[in-house]
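Undergrad: The sequence isn't on hand, but the structure is:
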Ligand SMILES: [Mg+2]
């Protein structure tokens, strides 16, 4: 396995390319995993280094399964780009923007949540309405595997929920509009929109795999050099390491890595 800190020379080479972009996931990457999403906090050190990097890089963006407004509230750094709901929502100049075909899904999401209400009788399950998507959390269940099964059964039995795109994450199941668009397409949009020549993506979970692949697509198809960095944890998806160039060990290591990046950015500017 390729530990990022053993390959800083290679990463340094890529960092020289301009415009350069840093794009990161939030939960499990710059914010330690918490019992509930509301309790999660972005690491103050990560926030500090991201803020420094914002002054030196063409693009610093965060992309999360959370709504874009929530991501913005968790980070609050001027000049940073906030993308929410797995790439389907973007916070631009004080408001959220969605593709037209996605906006209408908030009604379908509400009806699906209604049909899934009986799940709430299982202790530890909560359903989060995120507007154009929803997330069913089961981290707090006594028997998470059993809870996951019950949730999947309930989704199959619900006409509204089963019409949606389902993503099984760590201790959570997401319901999304059945349209094209994920973290990967959002990243390709950013790379093209900012004409990035280099970039780094940091992520730790199932939906980040689309993002890792997008980085590799850009390396192949555009004049772009970049790296996909996976954050290791006991809960990470099995195929994560096969999809990344380098790894880091948890949020503490991300803090160290962002510190190194901001020092490099300061020195070269
Ligand atoms: Mg994550």
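TA: On my side now, so go ahead. Model, not experiment: these values are computed from the prediction.
Undergrad: what about residue 234, neighbour count?
TA: If you count neighbours by other C-beta atoms under 10 Å, residue 234 ends up with 7. C-beta coordinates here come from the backbone N, C-alpha and C atoms, glycine included.
Undergrad: Which of the three states applies to it?
TA: Recorded secondary structure, residue 234: coil (DSSP: H, G, I helix; E, B strand; the rest coil).
Undergrad: and it, what pLDDT?
TA: Per-residue confidence (pLDDT) for residue 234: 91.
Undergrad: Could you measure from it over to the ion?
TA: 14 Å (C-beta to the ion, to the nearest Å).
Undergrad: and that residue, what are its phi and psi?
TA: Dihedral angles of residue 234 (phi, psi; degrees, to the nearest 10) stand at phi -60, psi -20.
Undergrad: Low-confidence regions, the stretch 1-150 of the chain specifically.
TA: For the stretch 1-150 of the chain, the stretches flagged by pLDDT under 70 are 1.
Undergrad: who's in contact with the residue of it found nearest the ion?
TA: Residue of the stretch 1-150 of the chain nearest the ion, by C-beta to the ion: residue 28 (3.8 Å). Listed by C-beta atoms under 8 Å, 6 or more residues apart in numbering, the contact partners of residue 28 are 170, 204, 205, 231, 233, 235, 251.
Undergrad: Can you tell me which of those lies closest to residue 97?
TA: Nearest to residue 97 out of the contacts of residue 28 is residue 205 (C-beta to C-beta; 24.1 Å).
Undergrad: interface residues of the chain facing the ion?
TA: Residues of the chain lying near the ion by C-beta under 5 Å from the ion: 25, 27, 28, 204, 205.
Undergrad: Count the residues that sit near the last one.
TA: Right, the one you point to is residue 205. Look at residue 205: counted by other C-beta under 10 Å, it has 24 neighbours.
Undergrad: my read: it touches residue 170, true?
TA: Yes. Counting by C-beta atoms under 8 Å, residue 170 is a contact partner of residue 205 at 5.9 Å.
Undergrad: buried sites along the longest helix seen in the chain?
TA: Counting residues, the longest helix found in the chain (DSSP state H) is helix 250-268. Across helix 250-268, burial judged by 16 or more other C-beta atoms under 10 Å covers 250, 251, 253, 254, 255, 257, 258, 260, 261, 262, 264, 265.
Undergrad: Determine how far stretch 77-95 lies from the middle of the whole chain.
TA: Offset of stretch 77-95 from its chain centre (C-alpha atoms, centre = their mean, to the nearest Å): 12 Å.
Undergrad: picking that back up, can you put the residues of the chain next to the ion in TSV and add secondary structure?
TA: What follows is the residues of the chain next to the ion, written out as TSV (three-state DSSP):
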residue	secondary structure
25	coil
27	strand
28	coil
204	coil
205	coil
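Undergrad: So which bits of stretch 35-46 are buried?
TA: Within stretch 35-46, the residues that count as buried by 16+ other C-beta under 10 Å are 37, 40, 42, 43, 45, 46.
Undergrad: repeat for stretch 70-83
TA: If you call a residue buried by 16+ other C-beta under 10 Å, then stretch 70-83 has these buried ones: 70, 71, 72, 74, 75, 77, 80, 81, 82, 83.
Undergrad: Contacts only, for whichever residue of the stretch 101-250 of the chain sits closest to the ion.
TA: Closest to the ion within the stretch 101-250 of the chain is residue 205: 4.1 Å, counting by C-beta to the ion. Counting by C-beta under 8 Å, 6+ apart, residue 205 touches 25, 27, 28, 169, 170, 236, 237.
Undergrad: Nearest to residue 184 among those residues?
TA: Using C-beta to C-beta, residue 25 is the member of these that lies nearest residue 184, at 12.4 Å.
Undergrad: Ends of stretch 56-75, what's the gap?
TA: Using C-alpha to C-alpha, to the nearest Å, the end-to-end distance of stretch 56-75 comes to 18 Å.
Undergrad: helices and strands around the helix or strand containing residue 106, which ones?
TA: Using DSSP states H and E, residue 106 sits in helix 105-115. Under the contact criterion of 3 or more C-beta pairs under 8 Å, 6 or more residues apart in numbering; DSSP states H and E, helix 105-115 touches strand 126-129, strand 134-137, helix 159-162.
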